[in-house]
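Asks: just to be clear, the model below is a prediction. Sequence and coordinates:
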Amino acid sequence: MTLLCKCLLTYLLIMNLLAFILCGLDKWKAKRGYWRVPERVLFGLSFLGGGAAFWLGMRLFRHKTRHLSFRILIPLSVVLWIGVIVWLAMKGVLIA
């Protein structure tokens, strides 16, 4: 595994962990009427690589599932990252 591959994997793991935690935290805060995580932060994390875990969090926590923007943009962020990874693999960047 190349260094770039390891770095990308680490980056995506961190972004996904952060997105999943923030999804659960935002749901917890919503139930209690506390200050919420801004939607732009949730979308930003998703498009920066955390979309898969945020999507899982949406399902697991039943959070933001009624918002059309989240139902469309979060899966789109996952598809875009899959495309980036496939493109990098086809270019040989991720292969040793």
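Replies: Structure received.

Asks: need the contact partners of stretch 46-61.
Replies: 11-12, 15-20, 22-24, 27, 42, 45, 63-65, 70, 73-75, 77-78, 80-81 (C-beta atoms under 8 Å, 6 or more residues apart in numbering). Glycine gets a C-beta too; all of them are placed from N, C-alpha and C.

Asks: of these, which belong to helices?
Replies: Residues from these lying in helices, with DSSP state H as the criterion: 11-12, 15-20, 22-24, 27, 42, 45, 70, 73-75, 77-78, 80-81.

Asks: now the contacts of stretch 46-61: which count as buried?
Replies: If you count burial by 16 or more other C-beta atoms under 10 Å, the buried members of the contacts of stretch 46-61 come out as 12, 15-16, 18-20, 22-23, 27, 42, 45, 63-64, 70, 73-74, 77-78, 81.

Asks: what stretches of the protein score poorly on pLDDT?
Replies: For the chain, the stretches flagged by pLDDT under 70 are 96.

Asks: one more time with 50
Replies: By pLDDT under 50, the chain contains no weakly predicted segment.

Asks: which phi and psi does residue 63 have?
Replies: Here the main-chain torsion angles of residue 63 (degrees, to the nearest 10) amount to phi -120, psi 130.

Asks: wait, doesn't it sit right on residue 26?
Replies: Yes: at 6.5 Å, residue 63 and residue 26 qualify as touching, with contact defined as C-beta atoms under 8 Å.

Asks: burial count for residue 36?
Replies: In terms of burial, residue 36 registers 13 neighbours under the definition other C-beta atoms under 10 Å.

Asks: quick check: it vs residue 10, distance?
Replies: Here the criterion is C-beta to C-beta, to the nearest Å. By it, residue 36 lies 29 Å from residue 10.

Asks: please apply the same query to residue 81.
Replies: If you go by C-beta to C-beta, the gap between residue 81 and residue 10 works out to 15 Å.

Asks: please apply the same query to residue 95.
Replies: Between residue 95 and residue 10 the computed distance is 17 Å (C-beta to C-beta).
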